[in-house]
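Engineer: next comes the sequence, and after it the predicted model I'd like to discuss.
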Amino acid sequence: MINDTLFMMLVVGVILSFAVLGMFIWGAKGGQFDDSEKMMGGLLFDSTEDLNDAMKKEDKKKEAKKEVKKELKKSEPQE
């Protein structure tokens, strides 16, 4: 009697675990856990001026990264 109950609980637990794992994978592939900020960020820039300011900020970030890379290359030991 107890062995049958334990076996049934084990089977039900394994089936539920796979069901939850399947739902998680389905949600991940469907984009359920994607960052909603990137989609909503576009709503913050209403006017053309705001969009231009955002582009300038992005360009400054890219230029700063390039400068850091150049500095790192200069500071690497030469062989």
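Structural biologist: Nice, I can see it.

Engineer: from now on I want contacts and neighbour counts done on CA atoms only, so please keep to that.
Structural biologist: Fine.

Engineer: helices along the protein, start to end?
Structural biologist: In order along the chain, the chain carries the following helices (DSSP state H): 2-29, 36-44, 48-75.

Engineer: can you flag the weakest of the ones you listed by average pLDDT?
Structural biologist: Lowest mean pLDDT within the helices of the chain: helix 36-44, a mean of 63.

Engineer: who touches stretch 11-30?
Structural biologist: Stretch 11-30 has contacts (CA atoms under 8 Å, 6 or more residues apart in numbering) with Phe33, Asp34.

Engineer: quick one: it to chain centroid distance?
Structural biologist: Taking CA atoms, centre = their mean, to the nearest Å, one finds stretch 11-30 lying 21 Å from the centre of the chain it belongs to.

Engineer: give me the neighbour count for Phe24.
Structural biologist: Neighbours of Phe24 under the rule other CA atoms under 10 Å: 14.

Engineer: what do you get for Gly27?
Structural biologist: By other CA under 10 Å, neighbour count at Gly27 equals 13.

Engineer: Ala54 now?
Structural biologist: Ala54 has 13 neighbouring residues, counting by other CA under 10 Å.

Engineer: what about it, distance to Thr48?
Structural biologist: 10 Å (CA to CA, to the nearest Å).

Engineer: what does Glu71 give?
Structural biologist: Distance from Glu71 to Thr48, by CA to CA: 35 Å.

Engineer: how many residues are close by Ile25?
Structural biologist: Neighbour tally, Ile25, other CA under 10 Å: 13.
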